[in-house]
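A.B. asks: The sequence isn't on hand, but the structure is:
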């Protein structure tokens with residue numbers, strides 16, 4: 001059975017490749033989850049800074065978002081409430097991983113409202 005020489009090496013390389021691919025996919029999904037959580041936090045603090053701004057609420061929200069490497073995609077002042085939506089572009093690595101999974105690599109967005117407590 002001299003034809004079986006090296007088969008274990010081929011199987012080992014295949015197994016290592018599968019484990020590495022699974023690790024990369026998990027890392028991409030994990031980074032995406034962290035991006036979503038971070039966007040939510042930035043939306044919260046941007047809405048709070050807008051609600052506390054003495055004059056231009058949306059400018060305060062934009063300044064806060066930019067200080068955290070995000071952009072305000074929507075800002076609405078509704079009476080005493082301020083509704084802020086922030087957006088963060090998807091990292092290139094995550095976009096590639098999401099492409100492998102057949103998912104769109106759109107930007108991560110989060111919306112938050114700040115104002116006096118509701119009734």
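C.D. replies: All right, it came through fine. In this text, all values refer to a predicted model and were calculated from it rather than measured experimentally. Numbers count the residues shown, from 1 in each chain.

A.B. asks: Now residue 14: phi and psi?
C.D. replies: Torsion angles at residue 14 (phi, psi; degrees, to the nearest 10) stand at phi -60, psi -40.

A.B. asks: do residue 53 as well
C.D. replies: With angles defined as degrees, to the nearest 10, residue 53 sits at phi -70, psi 140.

A.B. asks: which residues sit in contact with it?
C.D. replies: Listed by Cβ atoms under 8 Å, 6 or more residues apart in numbering, the contact partners of residue 53 are 59-61. All C-beta atoms are positioned from the backbone trio N, CA, C, and that covers glycine.

A.B. asks: Just the ones of those residues in helices?
C.D. replies: The subset of those located in helices under the criterion DSSP state H comprises 59-61.

A.B. asks: between these, which is nearest residue 12?
C.D. replies: Checking the ones in helices among the contacts of residue 53 against residue 12 by Cβ to Cβ gives residue 61 as the nearest, at 53.9 Å.

A.B. asks: Now do the buried residues in stretch 28-45.
C.D. replies: Of the residues in stretch 28-45, those scored as buried under the neighbour-count criterion (16 or more other Cβ atoms under 10 Å) are 28, 32, 35, 38-39, 42-45.

A.B. asks: Oops, could you answer that again for stretch 64-84 instead?
C.D. replies: By neighbour count, with 16+ other Cβ under 10 Å as the criterion, the buried positions of stretch 64-84 are 64-65, 70, 72, 75, 77, 82-84.

A.B. asks: In TSV: the residues you listed, plus pLDDT, secondary structure and distance to residue 8.
C.D. replies: Putting the buried residues of stretch 64-84 into TSV (pLDDT from 0 to 100; DSSP: H, G, I helix; E, B strand; the rest coil; distance: Cβ to Cβ, whole Å) gives the following:
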residue	pLDDT	secondary structure	distance to residue 8
64	94	helix	57
65	94	helix	54
70	93	coil	50
72	95	strand	57
75	94	strand	61
77	92	strand	67
82	93	strand	64
83	95	strand	61
84	96	strand	58
